[in-house]
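Undergrad: dropping a prediction and its sequence here:
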Amino acid sequence: MSDTYGGPQGMDEPISREDWGAQREETRTPLTTLPIQEQAKFVVMAWLREHLDKTDNFKFKSDDVYVVWWCKTLQNWKALVSTTLPDGMYYEVTYSGDMHEIYLDAYKKFQNVVFPIP
């Protein structure tokens, strides 16, 4: 799998949301030309690059992000994404085909509770 997503910056380089938008404009390669799973991974990688603590000095690659589940209905899609980081984070990436926007929700898992059913 390539670490480069349609532009001059590789995924292993820091990228902010502003840079991401500028990169899309410069290359004229819309993010939506990537397969759905790759779009979801790209959005999570961009968010992580902006939010990871720089002092951790963690080398994060695109293979460290994976799609757990995804679904496409009409012009919309949703992907549930996770990473190999031991931070308990979980990501929901949603594409609105009507608005032509991608939304990212980041969640933290606090506890897994079992409720037995008699």
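TA: That came in fine, so what should we check first? Numbers count the residues shown, from 1 in each chain.

Undergrad: hmm, residue 43 is touching residue 105, no?
TA: No - counting by C-beta atoms under 8 Å, residue 43 does not reach residue 105; the two are 10.8 Å apart. (C-beta placed from N, C-alpha, C; glycine too.)

Undergrad: and those two? Which one has more around it.
TA: residue 43 (23 against 10; other C-beta atoms under 10 Å).

Undergrad: which SSE is the more buried one in?
TA: helix 36-51 (DSSP states H and E).

Undergrad: per-residue confidence averaged over that helix?
TA: Averaging pLDDT along helix 36-51 yields 90.

Undergrad: quick one, strands of this structure?
TA: 65-73, 76-83, 89-96, 101-108 (DSSP state E).

Undergrad: adjacent strands (with direction) for the longest one?
TA: Going back to what we said before, that points to strand 65-73. strand 76-83 (antiparallel) (DSSP bridges).

Undergrad: also the last one?
TA: Sheet neighbours of strand 101-108, with direction, are listed as strand 89-96 (antiparallel) (DSSP bridges).

Undergrad: list the buried residues for the partner strand?
TA: Residues of strand 89-96 classed as buried by neighbour count (16 or more other C-beta atoms under 10 Å): 89, 91, 92, 93, 95.

Undergrad: over to stretch 46-55?
TA: 46, 47, 48, 49.

Undergrad: what's the neighbour count on residue 69?
TA: 10.

Undergrad: actually residue 107, sorry about that
TA: The burial count for residue 107: 11, using other C-beta under 10 Å.

Undergrad: and the residue nearest to it when sequence neighbours are not counted, what's its pLDDT?
TA: Closest residue in space to residue 107, ignoring its immediate chain neighbours: residue 90 at 4.6 Å, by C-beta to C-beta, 6 or more residues apart in numbering. We have a pLDDT of 94 for residue 90.
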